[in-house]
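Peer 1: heads up, no residue letters with this:
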């Protein structure tokens with residue numbers, strides 16, 4: 001039976017449009033340097049407000065990826 005090990009990192013994505021797009025931006029950025037991304041878990045949603053208007057949506061994620069073994 002094959003055993004797997006995963007590492008979990010935290011990332012924050014941002015978007016001017018939505019929390020979903022912010023999450024997608026974080027996953028896309030992580031995918032540029034990490035292989036075998038498995039799970040993205042939303043931990044926190046927030047936004048930056050200026051002059052009473054939302055200007056940036058932010059999504060904090062825990063991302064897990066598989067650690068390669070011998």
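Peer 2: Yep, it's here. Since the structure is predicted, the reported quantities are computational estimates derived from the model, not experimental observations.
Peer 1: ok but residue 17 is inside a strand, no?
Peer 2: No - the assignment for residue 17, made by DSSP: H, G, I helix; E, B strand; the rest coil, is coil rather than a strand.
Peer 1: Let me see the backbone angles for it.
Peer 2: phi -110, psi -40 (degrees, to the nearest 10).
Peer 1: go on, residue 43?
Peer 2: phi -100, psi -30.
Peer 1: Would you state the predicted confidence (pLDDT) at it?
Peer 2: Here, the pLDDT recorded for residue 43 equals 98.
Peer 1: isn't it right up against residue 26?
Peer 2: No - look at residue 43 against residue 26 with CB atoms under 8 Å: they stay out of range, at 11.1 Å. Where C-beta positions appear, they are placed from N, C-alpha and C, glycine not excepted.
Peer 1: So for the two, which sits in the more crowded spot?
Peer 2: Shown here are residue 43 and residue 26; by other CB atoms under 10 Å, residue 26 has more neighbours (23 against 11).
Peer 1: tell me the SS of that one?
Peer 2: Taking three-state DSSP, the label given to residue 26 is helix.
Peer 1: quick one: the helices in the chain?
Peer 2: Assigned helices in the chain, in chain order: 19-31 (criterion: DSSP state H).
Peer 1: which intervals of it have sub-threshold pLDDT?
Peer 2: Applying pLDDT under 70 to the chain flags the ranges 1-2, 69-70.
Peer 1: Could I get the full set of strands for it?
Peer 2: For the chain, the strands defined by DSSP state E cover 5-15, 37-50, 53-67.
Peer 1: Give me the angle between the shortest one and helix 19-31.
Peer 2: This points to strand 5-15. 130 degrees (axes from the mean of the first three to the mean of the last three CA atoms, to 10 degrees).
Peer 1: now the angle between strand 53-67 and strand 5-15, please.
Peer 2: Going by the same axes, to 10 degrees, strand 5-15 makes 160 degrees with strand 53-67.
Peer 1: about what we covered before: anything in contact with each of residue 43 and residue 26?
Peer 2: Counting by CB atoms under 8 Å, 6 or more residues apart in numbering, the shared contacts of residue 43 and residue 26 are residue 61.
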